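Enquirer: 3D, please:
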Amino acid sequence: MKIPIKKWISGVWAVALCMTFSGQAEQRMVGPVDGAFVTVPADANPSPFGYKMRTNLTERVAVKSVPVVIHLHGANENKNFPDGWSMWEEKPFAASGKSYLFFKPASARWNPEDVDRFVEMIKTEYAGLVDPDRIYLTGFSMGGRGAWEYGIRHGDQLAGMLVMAGGFLGIDNVTALTNQYDFSTFRDLPVWIFHEESDKLVSTAVAEACRDAVAAVGCDYRWTLDQYGKGHGNYTGKRLGDGNVIEWLFSKHK
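Expert: Residues are numbered from 1 along each chain as shown. Here you go, the predicted model:
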């Protein structure tokens, strides 16, 4: 039986004192203590995934004003959860000086319906802190494809996406891709696509097919072809370390 998440992490939930602009103090439940990394097992929350999360409140924020970032990792990384589980993808967001909740779930694959259950869990269990109009999804490799599949099925849940080294393996032209997948949700879902030119696992043509598919529906998209020379190596941190990327992402609202 799933344990209610608020009960499971009750030891780290806190009531924050926030000063209103009038100078009066008000109490607000902010979830896990600001700045703390919290590990939540799969059997301790209503979603299919175990996850780590961090609350970063660096600005004076109003109730329901904090954006959410969800990062979908690449293949096999779930094997390290929870011991050895890295949250290095969150560091560039911390350096940005923005307020946010960062979630990194663990899974052997990213089924879009399971990811949607995770999104709904966040909206429910962290209600009162999250801004449902500013939920962002990022993904690398397998997580990049997971982000594409989620955007296709449930793009109305998101305000923006970042996809790195992700695509539909074996589908390297836009006609074949759009014959199988409907990208119309991206008409209202901005996405920034990053790809490494030397990537031999997910070819540039595979990523370009996704780019052309969103372009065809009038998506607000950006395309960056990197030349780091690292093949399919995970350069997510380097990409997110560009402050312009996070500024662009956080500027998007539903």
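Enquirer: going forward, measure contacts and count neighbours with C-alpha atoms only.
Expert: Fine.
Enquirer: quick one: strands adjacent to the helix or strand hosting Lys104?
Expert: Lys104 is part of strand 100-106 when elements are defined by DSSP states H and E. Note on strand 100-106: by DSSP bridges, its sheet partners are strand 50-56 (antiparallel), strand 66-72 (parallel).
Enquirer: now the ones you listed in CSV, with distance to Ile122 and mean pLDDT?
Expert: Converted to CSV, these look like this (distance: least, CA to CA, whole Å; pLDDT from 0 to 100):
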stretch, distance to Ile122, mean pLDDT
strand 50-56, 11, 91
strand 66-72, 9, 95
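Enquirer: can you tell me which of the ones you listed is most buried?
Expert: strand 66-72 (a mean of 24; mean count of other CA atoms under 10 Å).
Enquirer: next SSE after it?
Expert: Later in the chain than strand 66-72, the nearest helix or strand by DSSP H and E is helix 91-95.
Enquirer: can you name the residues in contact with that next one?
Expert: Applying CA atoms under 8 Å, 6 or more residues apart in numbering, the set of residues contacting helix 91-95 from outside is 56, 237, 240-241, 243, 246.
Enquirer: kindly report the same for stretch 98-116.
Expert: Under the criterion CA under 8 Å, 6+ apart, residues 47-59, 66-73, 75-78, 81, 87, 90, 130, 142-143, 146, 149-150, 153-154 lie in contact with stretch 98-116.
Enquirer: may I have it exported as PDB, CA atoms only?
Expert: This file holds the C-alpha atoms of stretch 98-116, laid out as PDB (Å, rounded to 0.1, in the frame of the first residue of the first chain):
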ATOM      1  CA  LYS A  98      15.600  31.200  -9.600                       C
ATOM      2  CA  SER A  99      13.000  29.700  -7.400                       C
ATOM      3  CA  TYR A 100      11.800  26.200  -8.400                       C
ATOM      4  CA  LEU A 101      11.100  22.600  -7.400                       C
ATOM      5  CA  PHE A 102      13.400  20.100  -9.200                       C
ATOM      6  CA  PHE A 103      12.300  16.500  -9.600                       C
ATOM      7  CA  LYS A 104      14.300  13.600 -11.000                       C
ATOM      8  CA  PRO A 105      12.300  10.400 -11.100                       C
ATOM      9  CA  ALA A 106      13.900   6.900 -11.600                       C
ATOM     10  CA  SER A 107      12.700   4.500 -14.200                       C
ATOM     11  CA  ALA A 108      13.800   1.700 -16.600                       C
ATOM     12  CA  ARG A 109      11.700   3.400 -19.300                       C
ATOM     13  CA  TRP A 110       9.500   6.400 -19.700                       C
ATOM     14  CA  ASN A 111       5.900   5.400 -20.500                       C
ATOM     15  CA  PRO A 112       4.000   8.700 -21.100                       C
ATOM     16  CA  GLU A 113       1.000   7.600 -19.000                       C
ATOM     17  CA  ASP A 114       3.300   6.800 -16.100                       C
ATOM     18  CA  VAL A 115       5.000  10.200 -16.500                       C
ATOM     19  CA  ASP A 116       1.600  11.800 -16.500                       C
END
